[in-house]
Structure formats: structure tokens, C-alpha cells
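Visitor: what's the 3D shape of this:
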Amino acid sequence: MPKLLKDYPIIFICLLLAVMLLPNLETIQVTIMEARNFITAREMLLDDHWILTTMNGEARYEKPPLPTWLTAISGIIFGVKSVFGMRLPAIIMIMILAVYSFKLSKTILKSRAHSMINTLILITSFYVIGITIEAPWDIFTHGFMMIAIYHLFKFFKSENTDWKHTIIAAFCIGFSILSKGPISFYALLLPFLLAFSFSFNYKNIKTKVLPIIVILILSLVVGGWWYFYVRLEDPTTFAAITSKETGNWTSYNVRPFYYYWSFFTQSGLWTIPAFISLLFPYLKRRVVHYKAYKFTFLWTLFAVILLSIIPEKKSRYLMPVLIPLALNIGFYIEYLIRKFKTLKDKRETIPVYFNFGLIGLIGLVAPFVLYFQFKTQLNNSLFPFIIFAIIVFTLGLAILLQLIKKEIKHVFLLTTAFFGALFLFGLPVFKTFTSDNFKPITTLLKTHKQKDIKLYAIDYVSPETIWQYGAKIPQIKQGNNAYNFPLEAEFGVLSNGINPKNQAILFEKYNIKEMAIYDLNESEPDSKQYKDRLINTYYYFTKK
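Guide: Down below sits the predicted model:
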């Protein structure tokens, strides 16, 4: 392995993630979950709503505030309008997750090389990166919990009580709860504890009863104080939001028990190795550390089972499963690195050739397919595409050549480089595929300030729109079959679509002029990614 990777693995992990993710951090469009987080962070800074959190001026207690606090602090440094600054804390949490995955692996396996394999698999599992965009709270809650799990492992395996591990574990469990409630406790920590019980021995557990009680109490205090405070300060709103959120667990997005059984596909490039790593009877005699393999296998299995019990299911809820799964895949990859050159059984070699051969083939073919399919769009950014094409083609060719030589270690490292190249060089290319219909709302706030008029919303306006606008857009609400109109004689209105039944009410009191249509969709209208909720009509209202 490269010298930096061997001698300074933690620095290497952080540098790799920084190079892979930071240069294009602003490229991907802000998602609905990010927008909610960013708006709340903005209102923390502008309106001082640090504890009783708000979104667009209204109570926002659905998510606890720790990730948003960190986002707001980054906003202080980089500016409240900086998408880079707002996303940076989530990227740092990926680094923390990766570092503590490495540290846990190294503690268990006593092997730096094997631990690095596990960590590289983790950070190249697509959904580990994708979750920072789709649901940013998740990376915080699981990142903090991974720190806690590392220190709990050290605590359980030590002969004597080390209060350093006790205190750090307690605080990080609390921080995890303060990031997204008990989600990670249930989906990551509880499966870990079950797997540990079946795989390892607790050292002097009777003497550690007091520290365990301290961990439980301290983690509940650190993680629960915000919920308690909001419950006291705004009990009605908090109770309504809590009731709705807990009701979703049994009535919203309900899926059958087996919905998560294809969980290994969430690992992206590692789908086939993930599946094979779960064939316990096959791999248990081939790994170098049976107890550790049994532990990661059970950790993965228990996590999937516990998540399957909950009626509400979404693909992104599987993200914590990818953490022990990456460690589990690592045993299979380490076995291939050791033994692939001597393997004769085609049942073992064919899946390897198919998996990595397919990745290499994609690298060879993708540049040509993309160019011929999107020639017009790519002509507008030909230089970035040429760089992307050369690098992806070269990596694909190198993967195939090393695969022919049966150099699985090189194949593995080239595959991780291929994944990184897709982010580093691919995102600037795909950013040019922006639809001609795309019309951002970024300049409207400046226009309103110049004209000294306010902007309001009727019916629905998406969080992405409110974030991009740059300020709150108060809602003109209905009460007793009538709108509560603002006092101003003239004002702007943004709406995703005014209910036809309500248009007559509006026209009775106001002259209404349609000024513009803002479309925040970067994809084409015929695309599956096109969302009608990102289209807003801008009206100018003047009182009759």
C-alpha cells in the first residue's frame, strides 16, 4: 500500500474523503431534507432560535438540534448563504465515522491493512456518502454512535474500568440522541451489544455495573435535556409534533417485514462481495479471525432484523447497516487478497471476475456511451468531460489488467479510486446537464428589498424554495374559510398552485398580476427526477 496509507492511515482516510468530496461540495442541488436543516440553521443565526428551533418562522421540533447547531456554526465561518459551509459538518462526520470504523477494526483485528480494507469499503459504499445529501441528520447520529461503540468495545474488553471510555461513550450516545433521537441507539448500538454478547467475553463485567449505570444516566441527560426543555416551554406544539412523528412509525410508509432483505444492494460497488460475505457457512473457515467475522456478521444481521420489525420502512433507514456490513465485506476481500491466485474452484472465482470485471468494463464503455447519448450537453463542457473520460477509462483498463493478473489487492485499490473519480471528476460533468427550464429564485429577495415589499406564500412552497430565496416567506393562512391577509396594500406572493376554489376570494380583494414562474428543477420535465413541487408562480398583489 502507498506509504501515507500504511504509516498514517487516519490522515490518509481524511485526505481521501476531502479530495473526493470537498471540491464539488456545492455541485449537487440542495435536497428537501438539507433545505429544512439549512433554513433552521439560518434562523438560529438570524433570529437567535437556538433552542426553540424554527423553520420559516414556525416551530420545528421534528428533529433535535445538534446537527443544525453544527451547521449554523459552520455558517458563521463560511457565511449563511454558503452551501459549502452548510454541508461541511456532514462531510466531517463521514470522516469521523470512517476513522472510528478503522479504530474499531484495528482494535479487534490487530491488523492495520485489514482495518484499512474495511474502512475503504465503508467510505465507498454509496449510501454512506449519499445520506449526507438525502438525510443529513443520519450521518451525525450514526457518526457519534460509532465513537461511542469504539469506546464501549474498549470498555467491555478491558480488565479494569477506564473512566475515559465510560465518559466519552456516555457523551457520544447522548450526542447521537441529540442528533436524531433513539434511531442509532436502536439500529446501530443495540445490534452491536447483541452481537458482542454472542461473540466475545465481557471482562470483569460485575465490577463495571456502576460505570454502566453512569453511561445510561449521563447519556440520557446529555441526549434528553433538549426534549425536556421544549416540552416545558412549548408543550402544546411539542406534543402535537411528537404524536405525529411517532404515529408515522406504524402508519406511514408501511412495508412488509421482508422489505429490507435486499439490504446488501445499498453498498453499491460492493453488492456481490456483500452478498458473498453474508454466506456464513462458506466464509467462516476462510477468514483469519473467526470471532471477529462472527461478530460483524451478527451485528449486520441483528441490525436488519430490528429495522425490519418497525412497520415504517425507507431505503435510507438501512444506512446504519452498511457500517457493520462494510466490516463484514472486509473479511471476504482480505481472503481474496490472500488466496485468489491459488483458487481453482470456478464457484469462487467467477463472482470475483464478474464483479470487478463489470466495474472495469463500465470504466471502458461509460465515456463513449455518455458522449454519444449526451453529445449536445457535453459539447458545452468538453474539457471536464475529456478529463473524466480519460481517468475513468484508464482506471477501468487498469482494473481489468490487474484482474487478469489476479492481483486482487491492486484491483481493490483501483476500485476505490474509481469510486472516488466518479465524485471528483464526474460531478462537474453532470452539472452541465441542467434543464433549460431551470429558473432559480436567488435574485427575488434582492428585488423585494429594493422595492421595499414583502413576499408571502399561499398554500404550499417547498423548503428548497425558501432556502434558495434567502429569507422567511410567511404563510398567508386560512381560518374559518377565509384568508388572514397581511396589512400591506401591495406585496408579492409565491405559490406552487392556488386552489381554484380560493381564487375567487383572492380576486375579490386584490388585483393580481402573474409576474414569473420559478422552476428549481435541474432535470428535464420528462425525467423521473422532475418534481412539480419545485415549480412556483410569483404573483404581485395590490389591494382594490
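Visitor: so where's this structure uncertain?
Guide: Across the chain, residues meeting the criterion (pLDDT under 70) sit at 1-5, 250-251, 481.
Visitor: Could you list every helix and strand in contact with the helix or strand where residue 171 lies?
Guide: Under the assignment given by DSSP states H and E, the secondary-structure element containing residue 171 is helix 163-180. Helices and strands touching helix 163-180, by 3 or more C-beta pairs under 8 Å, 6 or more residues apart in numbering; DSSP states H and E, are helix 66-78, helix 136-157, helix 209-233. For the C-beta atoms, the positions are set from N, CA and C on the backbone; glycine is no exception.
Visitor: relative to helix 209-233, how tilted is the second one?
Guide: I take that to be helix 136-157. Between helix 136-157 and helix 209-233, the angle comes out at 160 degrees (axes from the mean of the first three to the mean of the last three C-alpha atoms, to 10 degrees).
Visitor: Tell me the buried residues in helix 136-157?
Guide: 136-156 (16 or more other C-beta atoms under 10 Å).
Visitor: Buried by neighbour count: which residues of stretch 460-474 qualify?
Guide: 461-473.
Visitor: can you put those residues in JSON lines and add distance to residue 185?
Guide: Putting the buried residues of stretch 460-474 into JSON lines (distance: C-beta to C-beta, whole Å) gives the following:
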{"residue": "461", "distance to residue 185": "35"}
{"residue": "462", "distance to residue 185": "32"}
{"residue": "463", "distance to residue 185": "27"}
{"residue": "464", "distance to residue 185": "31"}
{"residue": "465", "distance to residue 185": "34"}
{"residue": "466", "distance to residue 185": "32"}
{"residue": "467", "distance to residue 185": "30"}
{"residue": "468", "distance to residue 185": "35"}
{"residue": "469", "distance to residue 185": "37"}
{"residue": "470", "distance to residue 185": "37"}
{"residue": "471", "distance to residue 185": "37"}
{"residue": "472", "distance to residue 185": "34"}
{"residue": "473", "distance to residue 185": "36"}
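Visitor: what's the closest of the residues you listed to residue 48?
Guide: residue 472 (13.9 Å; C-beta to C-beta).
Visitor: doesn't that closest one fall inside a strand?
Guide: No. Secondary structure assignment places residue 472 outside any strand; it is coil (DSSP: H, G, I helix; E, B strand; the rest coil).
Visitor: so what's it up against?
Guide: Residues near residue 472 by C-beta atoms under 8 Å, 6 or more residues apart in numbering: 43, 56, 57, 466.
Visitor: Tell me how far it lies from residue 457.
Guide: Remark: distance between residue 472 and residue 457 (C-beta to C-beta, to the nearest Å) = 10 Å.
Visitor: From residue 319, how far off is the most centrally placed residue in the chain?
Guide: In the chain, the centroid-proximal residue (C-alpha atoms, centre = their mean) is residue 131; its distance is 1.6 Å. Residue 131 sits 5 Å away from residue 319, going by C-beta to C-beta.
Visitor: anything in contact with each of the two?
Guide: Shared contacts of residue 131 and residue 319, defined by C-beta under 8 Å, 6+ apart, comprise 138, 139.
Visitor: domain ranges for the chain?
Guide: Residue ranges for each domain of the chain read 3-250, 343-433, 444-543, as given by automatic domain parsing.
Visitor: right, so of the ones you listed, which gets closest to residue 336?
Guide: Counting by C-beta to C-beta, residue 336 lies closest to domain 343-433 out of the domains of the chain; the figure is 4.6 Å.
Visitor: Would you mind measuring the gap between the ends of that closest one?
Guide: Start-to-end span of domain 343-433 (C-alpha to C-alpha, to the nearest Å) is 45 Å.
Visitor: Run a quick neighbour tally on residue 305.
Guide: Look at residue 305: counted by other C-beta atoms under 10 Å, it has 13 neighbours.
Visitor: With residue 266 instead?
Guide: For residue 266, the count of nearby residues is 22 (other C-beta under 10 Å).
Visitor: which residues does it contact?
Guide: Per C-beta under 8 Å, 6+ apart, neighbours of residue 266: 125, 126, 127, 315, 318, 319, 321, 322.
Visitor: Could you report the distance from the second one to residue 512?
Guide: Counting by C-beta to C-beta, the gap between residue 126 and residue 512 amounts to 46 Å.
Visitor: With the first one instead?
Guide: To residue 512, residue 125 is 51 Å away according to C-beta to C-beta.
Visitor: Looking at the two, which one has more neighbours?
Guide: Each of residue 125 and residue 512 had its neighbours counted (other C-beta under 10 Å), and the higher figure belongs to residue 125 (24 against 15).
Visitor: That one contacts residue 326, doesn't it?
Guide: Yes. Between residue 125 and residue 326 there is a contact under C-beta atoms under 8 Å: 5.8 Å.
Visitor: With residue 298 as the reference, name the closest of the domains of the chain.
Guide: Between residue 298 and the domains of the chain, the shortest separation by C-beta to C-beta is 3.9 Å, and it involves domain 3-250.
Visitor: for the closest one, the distance to its chain's centre please.
Guide: On the basis of C-alpha atoms, centre = their mean, to the nearest Å, domain 3-250 sits 11 Å off its chain's mean C-alpha point.
Visitor: still on that earlier bit, tell me which of the domains of the chain is the most buried.
Guide: For these, ranked by mean neighbour count under the definition mean count of other C-beta atoms under 10 Å, the leader is domain 3-250 at a mean of 19.
Visitor: how about residue 34, secondary structure?
Guide: Going by three-state DSSP, the state assigned to residue 34 is helix.
Visitor: my read: it touches residue 133, true?
Guide: Yes. Under the criterion of C-beta under 8 Å, residue 34 makes contact with residue 133 at 6.4 Å.
Visitor: what are the ranges of the strands in the stretch 401-544 of the chain?
Guide: Taking DSSP state E, counting those that start in this stretch as the criterion, the stretch 401-544 of the chain carries its strands at 455-458, 475-476, 478-479, 482-483, 490-495, 510-519, 535-543.
Visitor: what's the closest of these to residue 387?
Guide: Ranking those by distance to residue 387, with C-beta to C-beta as the measure, places strand 510-519 first at 30.4 Å.
Visitor: which residues make contact with that closest one from outside it?
Guide: With contacts defined as C-beta under 8 Å, 6+ apart, strand 510-519 is touched by 435, 437-441, 444, 465, 492-494, 506, 534-544.
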